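K.L.:
Task: produce atomic coordinates for the following.
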Amino acid sequence: MKNKVLILGAFVFLTTLSISCNKKAEETTAAPVVDKEQIKMEIQAIENTFAAHYNAKNTDSITYYADDAKSFFIGREPITGKDSIIEYLKKDMESLKKGVKISFTTTEVHVSNDGINVTEIGQFKLVDSTNTTTGSGNYFSLFEKRNGKFVCIRDMAASDSKN
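P.N.:
Here you go, the predicted structure:
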């Protein structure tokens, strides 16, 4: 009788241990559900806001970049830090002809499994007051979610122009 109780006790113990271990493994491997299309719309909205501030020459309202962002443009050294990038944008805005507006189109997003990092690939277009395209190109941005909000930590742009 003692052996039967001991065997039954061991069986219950091992079964409980097995179930507990399986639940724990399932809990740790379940990745959060990431809605890629929702994130793409969110990134596009960020780009639209950036364009609106850029077109209004309102650099004080640009919240696109993280403080430690780095930006890469062809033909120049990388620009490090939000303040330095904003200073570069101010000079860039001054060089635009009157009435020229920029727009950005998010074409692809690649989202990390945890939804914290997003790589965006897109196109930009410059149009004049008659809506004639005066320039265009492509860009590549890396966003990180900080304090519940995506901010750009790295970006790179290249113009289609042959100049």
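
K.L.:
Tell me the bridge partners for the spatially most central residue of the chain.
P.N.:
By C-alpha atoms, centre = their mean, the chain has its centre lying nearest to Phe143, at 2.7 Å. Beta-bridge pairing for Phe143 (DSSP bridges): Val118, Cys152.

K.L.:
From Val33, how far off is it?
P.N.:
Between Phe143 and Val33 the distance is 19 Å, computed by C-beta to C-beta, to the nearest Å. In short, each C-beta sits where N, CA and C put it, glycine included.

K.L.:
As a check, name the ranges of all helices in the chain.
P.N.:
Applying DSSP state H to the chain gives helices spanning 2-29, 36-55, 82-95.

K.L.:
which other helices and strands contact the last one?
P.N.:
Counting contacts by 3 or more C-beta pairs under 8 Å, 6 or more residues apart in numbering; DSSP states H and E, the secondary-structure elements packed against helix 82-95 are strand 65-73.

K.L.:
So what are the sheet partners of the strand it packs on and their directions?
P.N.:
strand 79-80 (antiparallel), strand 149-159 (parallel).

K.L.:
Same question for it: list its buried residues.
P.N.:
Tyr65, Ala66, Ala69, Lys70, Ser71, Phe73 (16 or more other C-beta atoms under 10 Å).

K.L.:
Can you name the two of those residues that sit furthest apart?
P.N.:
Ala66 and Phe73 (17.6 Å; C-beta to C-beta).

K.L.:
sorry, back to before: need the buried residues of strand 65-73 in TSV (columns: distance to Val127 and pLDDT).
P.N.:
Formatted as TSV, the buried residues of strand 65-73 follow (distance: C-beta to C-beta, whole Å; pLDDT from 0 to 100):
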residue	distance to Val127	pLDDT
Tyr65	24	97
Ala66	29	97
Ala69	27	98
Lys70	28	98
Ser71	23	97
Phe73	21	85
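
K.L.:
just those residues now: which is nearest Ile39?
P.N.:
Closest to Ile39, out of all of those and judged by C-beta to C-beta, is Ala66, at 17.2 Å.

K.L.:
So the residue lying closest to Ser129 once chain neighbours are set aside versus Ser71, what's the distance?
P.N.:
Closest residue to Ser129 apart from its sequence neighbours, by C-beta to C-beta, 6 or more residues apart in numbering: Gly99 at 3.5 Å. The gap separating Gly99 from Ser71 is 25 Å, by C-beta to C-beta.
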